[in-house]
Each structure stands twice: as C-alpha cells, then as structure tokens.
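S.K.: no sequence on this one, just coordinates:
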C-alpha cells in the first residue's frame, strides 16, 4: 500500500491486481480503479456515502444506502465498493477514507428486491458496540471495541 497526502491509501497491490483510490477534499473515497479500469464510483451527500457502483458485464450497477439522523461517532463503515480490493476490516482502519457522517439503516442494489437493513447498540460514548445486519432473514452481527491512547 502507498498513502496519499491525506494519509489514505492511494494504491493497493493485491497479487496481480492494482487498485487506485481517489478521495475528495474532505477525505471521502469517490472512485476506485482496478488495473486502470473504473471499478467503482462513489457518491457523497452531506457526509454520507449515498451510493456506489460496480460494473458487471460492462453495465454499471448502483448500490443505494440510507441513513438515520444518528451521528456515526465511532466512524463505522457501511460495506461499500465490494470490488475495491480491500476487505471490510481493512477499510474499518480508516485508511480508505472517512466513514459516513451518520449511521446507515439500509443498503441494497437498485436492480434487486432484497435490501440489507441495519440496527445498532451503542455504548455510553454513543459509539457503536454492536451492528446487526439483516439480509432476507439472515442475521450477521459485528462487534466493536475501542481504546484510547
């Protein structure tokens, strides 16, 4: 990995694949290129990742996300840009740009009738301690812990 001037990953090499990342002036990822081809475009509105795209058989597909009014104090990332090269947990480190300003409530492909919905439990500092993702009745839980230096 190489970092840009903002401290975010600019280039990530994974085997024979090279990913390049573009960020806006606020630190939000806006584009991913894989081996010189656009892999994802990301739309940011009011500090939230509203949609991101992937390409399947040359067709751009859109994943749309919704948000609550609850501030994302802990900076948890909603899964985005599955073709971005980095795993979810690597993205959670913050090296791939800022997380959305608010907590996400849903995420789903525009062309699909299935949408993932999210609920959260918070700690005494309003940080997410548990995230529960429900996708067509399949529940996946993620747990967060924090430390201060």
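M.R.: Good, I have the coordinates. The model shown is predicted, which means the values in this text are computed figures rather than measured ones.
S.K.: all strands of this structure, in order?
M.R.: For the chain, applying DSSP state E gives strands covering 2-3, 9-14, 17-23, 29-34, 37-45, 48-56, 59-71, 102-109, 116-122, 128-135, 138-143.
S.K.: list the contacts of the second one.
M.R.: So that's strand 9-14. 1-4, 18-21, 85-86, 95-96 (CB atoms under 8 Å, 6 or more residues apart in numbering). Placement of C-beta: from N, CA and C, glycine included.
S.K.: now swap in the third one and tell me
M.R.: By CB under 8 Å, 6+ apart, the residues outside strand 17-23 that reach it are 4, 6, 8-13, 29-36, 39, 84-86, 96-97.
S.K.: and residue 78, which of the strands of the chain is closest to it?
M.R.: strand 102-109 (3.9 Å; CB to CB).
S.K.: partners of the closest one, with directions?
M.R.: Next to strand 102-109 in the sheet, as set by DSSP bridges, lie strand 59-71 (antiparallel), strand 116-122 (antiparallel).
S.K.: what's the angle between it and strand 48-56?
M.R.: Angle between the axes of strand 102-109 and strand 48-56 is 20 degrees (criterion: axes from the mean of the first three to the mean of the last three CA atoms, to 10 degrees).
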